[in-house]
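[1] structure of the sequence below:
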Amino acid sequence: MAHSLDDVISGALRVLDRYGLEFCSMRRVAGELGVQPSALYHHVKDKQTLLAHMAARIVREVEVGDDLIAFAHDLRAAMLTLRDGAEVVATASAFRLGVSDLEADLARRSSPDLARTLWIYVVGHTQATQLHRQASNLGVIEADPDLDASFARGLAIICG
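    Below is the predicted model:
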């Protein structure tokens, strides 16, 4: 059965959610789809391209509106839906692999400096939240009940 780019992205996101970014390899994604790894390259040039598509899918429902705090909460919620979702978005953003359109829209609706600060804060706090939750779920550390509230307090500082 032939797969589409959408199928490849969906398969990669399932692998991401099950194994985390560290173990989200092209070989594992191919296995998820029941194809040889070479079949993936009909849809994506390389793993970085696949990461760009994954990040775009993670944030595709997020829209920048007039309420930047609501935007920040929506972006965070989108990244928290998948294991290591924030890490995928952070990687794509750092290497300018696709999610920069959302960041550019944010800059048009605010200012470049506010947009960059807010973007880095939301993605970074969400990465830290995901890492903390994973560690606490494994029993390595105690759960932090203040993660959501600290996120909101930080937004209040940035967005005033």
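[2] tell me where the chain is predicted with low confidence.
    Within the chain, the stretches falling below the threshold (pLDDT under 70) are 1, 99-100.
[3] tell me the buried residues in stretch 67-78?
    Neighbour counts over stretch 67-78 (16 or more other C-beta atoms under 10 Å) mark 68, 71-76, 78 as buried. Where you see a C-beta, it was placed from the backbone N, CA and C, and this is true even at glycine.
[4] my guess is Leu80 contacts Ala86. True?
    Yes: in this structure Leu80 lies within contact range of Ala86 using C-beta atoms under 8 Å: 7.4 Å.
[5] related to what we said a few turns ago, adding secondary structure, write the buried residues of stretch 67-78 out as CSV.
    Rendered in CSV, the data for the buried residues of stretch 67-78 read as follows (DSSP: H, G, I helix; E, B strand; the rest coil):
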residue, secondary structure
Leu68, helix
Phe71, helix
Ala72, helix
His73, helix
Asp74, helix
Leu75, helix
Arg76, helix
Ala78, helix
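[6] is it true that Gln48 touches Ala94?
    No: when contacts are counted by C-beta under 8 Å, Gln48 is not listed as touching Ala94 (11.2 Å).
[7] more crowded one of these two?
    Using other C-beta atoms under 10 Å, the more surrounded residue of Gln48 and Ala94 is Gln48, with 14 against 11.
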